[in-house]
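>>> Please find the sequence and the predicted model below.
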Amino acid sequence: MGAGIVDLCARAGLSVLVLDQSPERLDAGHRAITEFHAAGIARGLTDPALLEQVTQRITGTVDPADLAAADLIVEAVTEDEGVKAEVLGRVATHVSEECVIASNTSGLSVTRLATYVSRPERFGGLHFFNPAQLMRLVEVIRPIQADKATVGTLVAFAERIDRHPVVVKDRPGFLVNHLLIPYLNQAIQEYDDGLATCADLATAVKLGLGYPMGPLQLLDRIGLDTHLHATGVIYEDTADPGFAAPALLRELVAAGRLGRKTGSGISDLEDPR
């Protein structure tokens, strides 16, 4: 996700400084951007000159002190509160008082994350959707501590990189995942109960609801492990039964069937009925 956000910013003409743990990690991010552009070029969707323009706007570093002149920091490390807390606390010591810091998160409490920085009023959440270069929506999450200027800065940033911002308050799952995750969990359970086949579930939501793909196909695209983590985080905070992970989901993740990333998931299971 981090590489996608970097790519978006550079495409919009912004100068981007990327902080990572090692030169090897920086190289991996550069490769991810290059491969994304190469795929677009191969399909005739991307101008080959764009990649050169993008790479010229990106600089890498492993020294957080280099962030001193930044106007906006977007943290995009793994979705683990402990890891984010360490990174945010370290980064916050190197930026100016005017700098806004945002965490890219799909479900962690942004109000809690704000407690790890020295100026929580200058902190907010951004939820980019994967892949960031293709998905137009960005949720701007407003923690309790944030001032109006900070929220305005994040909205303006999203618009500057040609995304559509929606401002939401800080609650587990924010807006999209609060709607999406129970739907996907219910689809898993209905499939496991033999209510409908994978194909029939897809047909029902595409023709009946106008959705672009079936729920089980979407789960395989998201990653079953990613979905299990997201639903678990929200269930831990809310105890809402809609976010309780279905047994089949846990079993598939334990078996290593994670979806597209592993070549097998839930949509290619033998139907249970």
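Arrived safely, thanks for sending.
>>> Residues touching the helix or strand hosting G208, excluding its own?
Assigned by DSSP states H and E, G208 belongs to helix 198-209. By C-beta atoms under 8 Å, 6 or more residues apart in numbering, the residues outside helix 198-209 that reach it are 187, 190-191, 196, 211-217, 266-267, 269, 271. Bear in mind the C-beta positions are built from the backbone N, C-alpha and C, glycine included.
>>> Next, count neighbours for A69.
9 (other C-beta atoms under 10 Å).
>>> Could you do H94 as well?
The local packing of H94 (other C-beta under 10 Å) involves 16 other residues.
>>> now swap in L51 and tell me
A count of neighbours around L51, defined by other C-beta under 10 Å, yields 20.
>>> just checking, it is part of a strand?
No. Under DSSP: H, G, I helix; E, B strand; the rest coil, L51 falls outside any strand and is assigned helix.
>>> so what's G124 up against?
Contacts of G124 (C-beta under 8 Å, 6+ apart): 100, 102-103, 110, 140-143, 146, 150-151, 154.
>>> what do you get for G223?
258-261.
>>> how does it look with 7 Å?
258-259, 261 (C-beta atoms under 7 Å, 6 or more residues apart in numbering).
>>> Using a markdown table, lay out the residues you listed together with secondary structure and neighbour count.
Listed next are these as a markdown table, based on DSSP: H, G, I helix; E, B strand; the rest coil; neighbours: other C-beta atoms under 10 Å:
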| residue | secondary structure | neighbour count |
| --- | --- | --- |
| L258 | coil | 22 |
| G259 | strand | 25 |
| K261 | coil | 14 |
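>>> From those residues, pick the one nearest V91.
Nearest to V91 out of the contacts of G223 is K261 (C-beta to C-beta; 28.7 Å).
>>> nearest spatial neighbour of that closest one, skipping sequence neighbours?
Spatial nearest neighbour of K261, chain neighbours left out: G223 (5.6 Å); criterion: C-beta to C-beta, 6 or more residues apart in numbering.
>>> quick one: the one you found from M1, how far?
12 Å (C-beta to C-beta, to the nearest Å).
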